[in-house]
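**Q** Based on what follows, work out the 3D shape:
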Amino acid sequence: MADAKPEVAFIGLGAMGFGMATNLVKQGYKVTGFDVWQPTLERFQAAGGSIATTPADAVKDKDYCVCMVATAQQAQAVLIEGDNPALSSLPQGAALLLCSTVPCGYVQGLEKQLSDLGRGDVRLIDSPVSGGAARAADGTLSIMAGGSDDAIEKGRFLLQEMSDPHKLYIVKGGVGAGSNMKMCHQVLAANQILAASEGMGFATHLGLDPHHASEKILKSDAWAWMFEHRLPRMLDPEFKPIASAITIILKDTGIITSEARRSGFPTPMTSTAEQVYFSGLGRGYGPDDDSSLIRLYTEGKGKIGPVKGVAEDDESKLALVKALLRGIYLCSAAETIAFASKCNLDLDQVYELCINAAGGSTIFETVGPEVIKLARGEQVSKGEGESFKETIQQLQDAVEEAQRLKAPVYLGSQALTLTRLTLQLIPEAAGDVSRAVVAKVWGL
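**A** Numbers count the residues shown, from 1 in each chain. The predicted structure follows:
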């Protein structure tokens, strides 16, 4: 007879955690859940789970605990510093899977704190996830896991239960490496979520039909997973259903920019995106779906007097929108890989994760390998697609048209600045060279 599946404690039953926990229930695990929201506990119980009233009660006699709360502060409270925290009842040698998206510095500090508290026996696995609530419920998430060999071995089966068979990434570097991998992926996510609104907002100012324009973009080299995923809600008059609130991506940009400052690394693209997200927050949009940020780009249309662009036909206008998106995707790809290099991550693994996850785009898939070559000190050739010189000119045409129309293009303007800075730093970039050369701005 097969061994009985071990009991699992699950702390944090929010949008992602609820799906992850109920998936484990469906797989035959006895799962005891804890959440601060009583209606969620009742819903989990109705789905077949057991419930606890404190973190300590949830983990009692459980050799496996998954923590999926929203922030590092919440993790610290439920694990160590809050009322009846989990650590007080966690069995010796238990595996603790921290699946929340938290800064690398926090999870490494947690590892040290466990040791200082005499609980170095706890096998901590730094294992942030990506993929959304639907994939959480299906057990097909992308998971980036870092930890000691012993911890990974103990928790591997549980990681496998919650992830797509091809999207479980065991990241070298121990505790903190998984969070760094997730953070670098979120550089793409943060920029491309906003780029979808920026591109469609620009299309609106150009007078393009948003449905027709978006169809053309999806079939072009300006495709991105985030654009395609956000599009249906962006085209909905009420931006419904709410799938990912603006406050969620703001948490991620906060991790990226704070960790970048801590390590002395520049993140001009993500920092620009973060400021735009703050503008949305200030207008009260925080709980709304992040696709609704298109409002920031369209709110001034028709309110600024007569404007006139030079693009006359729809084909020319659509080419400008695509050029804007390609420029943004290029610079966010360079920022992502350069930051991953700074974090000493396996760049091939980063690339594989990003092209198969929510940060994927045609530009990243095409240019990413060239940027990785630069990071390794190798020479890059022009390869396929437009040259860097062509990229700059097309992006400049888009930004100049936006200026004529008084249309905001925050990311596009920053991307153009970075490409121009590249020309100043590397004069030979004006020749027929690869677009990947822009990564030299980040020191590659």
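
**Q** Would you mind pointing out the helix or strand the residue nearest to the spatial centre of the chain falls in?
**A** Central residue of the chain (CA atoms, centre = their mean): Gln186, 2.6 Å from the mean position. Take DSSP states H and E as the rule and Gln186 turns out to sit in helix 177-206.

**Q** before we move on, back to that, tell me which element the residue nearest to the residue nearest to the centre of the chain when sequence neighbours are not counted is part of?
**A** In this structure, Gln186 finds its nearest non-sequential neighbour in Asp252, 4.3 Å apart by CB to CB, 6 or more residues apart in numbering. Placement of C-beta: from N, CA and C, glycine included. Using DSSP H and E, Asp252 falls within helix 246-263.

**Q** That helix versus helix 177-206: what angle between them?
**A** For helix 246-263 against helix 177-206, the angle between stretch directions is 120 degrees (axes from the mean of the first three to the mean of the last three CA atoms, to 10 degrees).

**Q** what's near enough to touch Val107?
**A** Taking CB atoms under 8 Å, 6 or more residues apart in numbering, we find Val107 in contact with Leu98, Leu124, Asp126, Val175, Gly176, Gly178, Ser179.

**Q** Would you point out the most distant pair within those?
**A** Farthest apart among the contacts of Val107 by CB to CB are Leu124 and Ser179. That separation is 11.7 Å.

**Q** ok, those two, which is more surrounded?
**A** Ser179 (29 against 26; other CB atoms under 10 Å).

**Q** I'd assumed Gly109 was in contact with that one.
**A** No: the criterion here is CB atoms under 8 Å, and Ser179 misses it with Gly109 at 11.4 Å.

**Q** ok, which stretches of this structure are strands?
**A** In the chain, the segments counted as strands under DSSP state E are 8-11, 31-34, 50-51, 64-67, 95-98, 123-126, 129-130, 141-145, 163-170.

**Q** Counting by contacts, list what the second one packs against.
**A** Yep, that's strand 31-34 we're talking about. strand 8-11, helix 15-26, helix 38-46, strand 50-51, helix 55-59 (3 or more CB pairs under 8 Å, 6 or more residues apart in numbering; DSSP states H and E).

**Q** Ranking those by mean neighbour count, which comes first?
**A** Among the helices and strands packed on strand 31-34, the stretch with the highest mean neighbour count (mean count of other CB atoms under 10 Å) is strand 8-11, at a mean of 29.

**Q** what helices or strands is it leaning on?
**A** Checking 3+ CB pairs under 8 Å, 6+ apart, strand 8-11 ends up next to helix 15-26, strand 31-34, helix 55-59, strand 64-67.

**Q** Of all the ones you listed, which one is nearest Asp313?
**A** Of the helices and strands packed on strand 8-11, nearest to Asp313 by CB to CB is helix 15-26, at 43.6 Å.

**Q** tell me the mean pLDDT for the closest one?
**A** The average pLDDT within helix 15-26 is 96.

**Q** in the stretch 151-300 of the chain, which ranges drop under the pLDDT threshold?
**A** Within the stretch 151-300 of the chain, the set of residues satisfying pLDDT under 70 is empty.

**Q** do that again at 90, thanks
**A** Within the stretch 151-300 of the chain, the segments meeting pLDDT under 90 span 243.

**Q** What residues of stretch 312-320 count as buried?
**A** Under the neighbour-count criterion of 16 or more other CB atoms under 10 Å, stretch 312-320 has Lys317, Leu318, Ala319, Leu320 buried.

**Q** Can you name the residues bridging to Val129?
**A** On the basis of DSSP bridges, Val129 is bridged to Ile143.

**Q** Sorry, wrong one. I was asking about Ala95.
**A** Beta-bridge partners of Ala95, as defined by DSSP bridges: Tyr64, Arg123.

**Q** Just give the number of residues close to it.
**A** 28.

**Q** Do I have it right that it meets Ala151?
**A** Yes: taking contacts as CB under 8 Å, Ala95 lies within contact range of Ala151: 6.4 Å.

**Q** shared neighbours of these two, anything?
**A** The contact lists of Ala95 and Ala151 share Arg123, Ile125, where a contact means CB under 8 Å, 6+ apart.

**Q** Tell me which residues touch the residue nearest to Thr32 when sequence neighbours are not counted, please.
**A** Leaving aside its sequence neighbours, Thr32 sits nearest to Ser50 (CB to CB, 6+ apart; 4.4 Å). Listed by CB under 8 Å, 6+ apart, the contact set of Ser50 reads Lys30, Val31, Thr32, Gly33.

**Q** filter those to the buried ones?
**A** By neighbour count, with 16+ other CB under 10 Å, these hold Val31, Thr32, Gly33 as buried.

**Q** Check what pLDDT the second one gets.
**A** This means Thr32. pLDDT at Thr32 comes out at 98.

**Q** And for Gly302?
**A** As predicted, Gly302 sits at a pLDDT of 87.

**Q** Now do it against Glu312, distance only.
**A** Relative to Glu312, Gly302 is positioned 20 Å away (criterion: CB to CB, to the nearest Å).
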